[in-house]
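S.K.: Any chance you could fold what I've pasted below:
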Amino acid sequence: MFILFLYAICFPSSKYFYFKSPYENNKRVLIVNETYFLGSGTGYFYERKNIIFIKCMNQSINYDSTPFSNREVKVKWLDEKNVQIDYINNSVGHHETELIKFDE
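M.R.: The predicted structure is shown next:
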């Protein structure tokens, strides 16, 4: 049991999710790195710049579960530079909305 506890502390869960822009002339890809550690989660946002590099968008959201992993999230592209993220935050028990803005 102690070994499982040490494993959970040393290796928090982390998953990546990719969302492509639906606009034909826009090749943006929003990347979400969802981490979960000891009852709290964070989604960090990145933009794919090319096939190798990603850029940190300096935006994140905090929650008490893993809405991306649990598929409790809706991603809506408002336009070529703005993405709306609707998700369920278990700590408050209702939907929350975040606006993710791309540079340029």
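S.K.: Thr42: neighbouring residues, count only.
M.R.: A count of nearby residues for Thr42, using other C-beta atoms under 10 Å, gives 15. The way it works is simple: take the backbone N, C-alpha and C, and place the C-beta from them, glycine included.
S.K.: my guess is it meets Asn62, correct?
M.R.: Yes. Using C-beta atoms under 8 Å, Thr42 makes contact with Asn62 at a distance of 5.3 Å.
S.K.: What segments of this protein are strands?
M.R.: Assigned by DSSP state E, the chain shows strands spanning 13-20, 29-37, 40-48, 54-63, 73-77, 82-89, 94-101.
S.K.: could I get those strands as a markdown table with mean pLDDT?
M.R.: Shown next, in a markdown table, are those (pLDDT from 0 to 100):
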| stretch | mean pLDDT |
| --- | --- |
| strand 13-20 | 87 |
| strand 29-37 | 87 |
| strand 40-48 | 87 |
| strand 54-63 | 87 |
| strand 73-77 | 91 |
| strand 82-89 | 88 |
| strand 94-101 | 86 |
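S.K.: Tell me who's in contact with Ile31.
M.R.: Tyr16, Phe17, Tyr18, Phe19, Phe45, Tyr46, Glu47, Arg48, Ile54 (C-beta atoms under 8 Å, 6 or more residues apart in numbering).
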